[in-house]
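Asks: Got a predicted structure here, sequence first:
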Amino acid sequence: MGYQFHNPELDAIRLIQIDRLIREKAIRHLKDSGLRTKLFLNMMPNFLSMIHTGDVLDLKRIHVLNLIEKYDIPPSEVVLEITEDKFDGNIEKLLSIVNVFKDYGFKIAVDDLGVGFSNLERIGYIHPDIMKVDIKIMRESLNRRSFKNVLSAIADMSQKLGSDLLFEGIETEEELHLALSMGANLLQGFYFSRPQVEFQDKKQFNRTLRDTLEKFSGLRFMELLEEFQKGQSVIDSLGEKLEALRHNGKEDLPLVLHLMLSELPTEILSVFACDIFGYQITPTYFRVHPGEEWDSDLTEIGNNYAWRPFFIRHKAKVVQNAAKWTVTEPMYDMDLHKQVVIFTYTLRDNYILVIKMDWEKEGGGLKTEDRRQ
């Protein structure tokens, strides 16, 4: 009957009464089971706002607090999910209630992450202990890169906030591996078990999880190793060629770089040079597809990249580790409609080369144009 709680035509007071009955039944069942396990309870923001209307929060009116005292349940065993719901109440009042829950020791989760448009606002205000990824965004990410990139951003956000990441609706091994690759701490779905009337023994899933984690870690290790080797092959392929550029001054760089284009790997899509302050000092040499003829754009000379994350990170690593090369994580290029990475290379103390490379090209090692011909 969960859908009824989101039906605006139904009487809210009646729904609140039903909500409380279900909540007490769940807590009583946990108490009677004698188990130490996590119990997840939905908390609808609008219901909380309707019940607690005064300027001063009356703790005696907070139903879930009364229940854990009545049944002697440790708050740490209860996770309160702030559900995805259109909230019309006072946000400060809601936050004061959530803070009371946190002070008592409850864990706070944000539900259905990736569904509604208020998710970021909820996360910013609440700073949840657990972020739940909605089943739809997880499944769409298996077939759509844009969804997978959104999912990756959610995973990064959870890590920066210190929140556990819970993937719900997992039914297949492919979905399980996706969740693990995103750093999931908590897993839920039919892959493990259908819903049961009684609480299940957590140990019964140990063997399945152990075998799955061992398989996943082996596959993930090989994927990462392949990525590292791919990046290193670019550096090795370009190393000798770009060393020659280190002996040229600012005036010679455009010509020397232009003459070197035919020797660059076919996967490179654009290249230009900046000074140490981030100002572009050469034309941008580019091509839309790997292996095509090179074109040039002089209008970008003078553009500044000092504020771009890849440029700042490169300068910092050069100073810290005396590194010549840095490379970004794969990112999607909206103009090229493909996954790319950016390599940056310090030519001399005063110049930095910026190289954009197609990161989707299939096949073995990198090929230079003269070898391809």
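Replies: Cool, the structure landed. Residues are numbered from 1 along each chain as shown.
Asks: how close does Ser76 sit to Ala273?
Replies: Distance, Ser76 to Ala273, using C-beta to C-beta, to the nearest Å: 57 Å. All C-beta atoms are positioned from the backbone trio N, CA, C, and that covers glycine.
Asks: Of those two, which one has the most company?
Replies: Ranked by neighbour count (other C-beta atoms under 10 Å), Ser76 and Ala273 place Ala273 first, with 22 against 12.
Asks: what mean pLDDT does the helix or strand where that one lies have?
Replies: Assigned by DSSP states H and E, Ala273 belongs to strand 268-275. The average pLDDT within strand 268-275 is 94.
Asks: Can you name every helix or strand that whichever helix or strand comes after it contacts?
Replies: As assigned by DSSP H and E, the chain's next helix or strand after strand 268-275 is strand 284-286. Counting contacts by 3 or more C-beta pairs under 8 Å, 6 or more residues apart in numbering; DSSP states H and E, strand 284-286 packs against strand 268-275, strand 295-297.
Asks: Buried residues in the longest strand along the chain, which are they?
Replies: Taking DSSP state E as the assignment, the strand of the chain that covers the most residues is strand 338-348. Using 16 or more other C-beta atoms under 10 Å as the test for burial, strand 338-348 gives 338-347.
Asks: Partner strands of that strand and their direction?
Replies: Strand pairing for strand 338-348, using DSSP bridges, gives strand 325-327 (antiparallel), strand 331-333 (antiparallel), strand 351-358 (antiparallel).
Asks: and the host helix or strand of Arg210 with strand 268-275, angle?
Replies: Using DSSP H and E, Arg210 maps to helix 206-243. Put simply, helix 206-243 runs at 60 degrees to strand 268-275, going by axes from the mean of the first three to the mean of the last three C-alpha atoms, to 10 degrees.
Asks: Please identify the buried residues of helix 206-243?
Replies: 212, 216, 230-231, 234, 237-238, 242.
Asks: Quick one: those as CSV, columns for pLDDT and distance to Glu24 too.
Replies: CSV is the format used below for the buried residues of helix 206-243 (pLDDT from 0 to 100; distance: C-beta to C-beta, whole Å):
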residue, pLDDT, distance to Glu24
Thr212, 86, 36
Phe216, 89, 40
Lys230, 83, 57
Gly231, 81, 56
Val234, 80, 61
Ser237, 78, 67
Leu238, 79, 67
Leu242, 74, 70
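Asks: Out of the residues you listed, which comes closest to Thr37?
Replies: For the buried residues of helix 206-243, the closest approach to Thr37 (C-beta to C-beta) belongs to Thr212, at 21.0 Å.
Asks: Out of the strands paired with strand 338-348, the one nearest Lys102 is which?
Replies: Nearest to Lys102 among the strands paired with strand 338-348 is strand 331-333 (35.7 Å), distances taken as C-beta to C-beta.
Asks: So which residues make contact with stretch 325-332?
Replies: 145-146, 149, 231, 234-235, 310, 313-314, 317-318, 338-345, 359 (C-beta atoms under 8 Å, 6 or more residues apart in numbering).
Asks: got the contact list for Lys338?
Replies: Lys338 neighbours (C-beta under 8 Å, 6+ apart): 332, 358-360.
Asks: who wins for neighbours among those?
Replies: Highest count within the contacts of Lys338 by other C-beta under 10 Å belongs to Trp359, 23 neighbours.
Asks: Would you mind measuring from that residue to Ile268?
Replies: 11 Å.
Asks: With Phe40 instead?
Replies: Plainly put, Phe40 is 50 Å away from Ile268 if you go by C-beta to C-beta.
Asks: So between the two, which is more surrounded?
Replies: A side-by-side neighbour count of Phe40 and Ile268, using other C-beta under 10 Å, places Ile268 first with 25 against 16.
Asks: where in the stretch 201-350 of the chain is pLDDT low?
Replies: Within the stretch 201-350 of the chain, the segments meeting pLDDT under 70 span 244, 246-250, 349.
Asks: can we see that at 90?
Replies: 201-217, 219-220, 223-260, 262-267, 288-292, 317-326, 329-339, 346-350 (pLDDT under 90).
Asks: ok, Leu94 - contacts?
Replies: Taking C-beta under 8 Å, 6+ apart, we find Leu94 in contact with 45, 48-49, 87, 125.
Asks: Out of the residues you listed, grab the one that's most surrounded.
Replies: For the contacts of Leu94, the largest number of neighbours (other C-beta under 10 Å) sits with Pro45, at 23 neighbours.
Asks: ok, and what's touching the strand holding Ala273?
Replies: Contacts of strand 268-275 (C-beta under 8 Å, 6+ apart): 250, 253, 257, 261, 264, 280-288, 290, 300, 305, 311, 336, 340, 347, 350-358.
Asks: which stretches of the stretch 1-150 of the chain form helices?
Replies: 12-33, 45-51, 63-70, 91-104, 119-126, 135-140, 145-161 (DSSP state H, counting those that start in this stretch).
Asks: Lowest average pLDDT across those helices?
Replies: Among the helices of the stretch 1-150 of the chain, helix 45-51 scores lowest, at a mean of 76.
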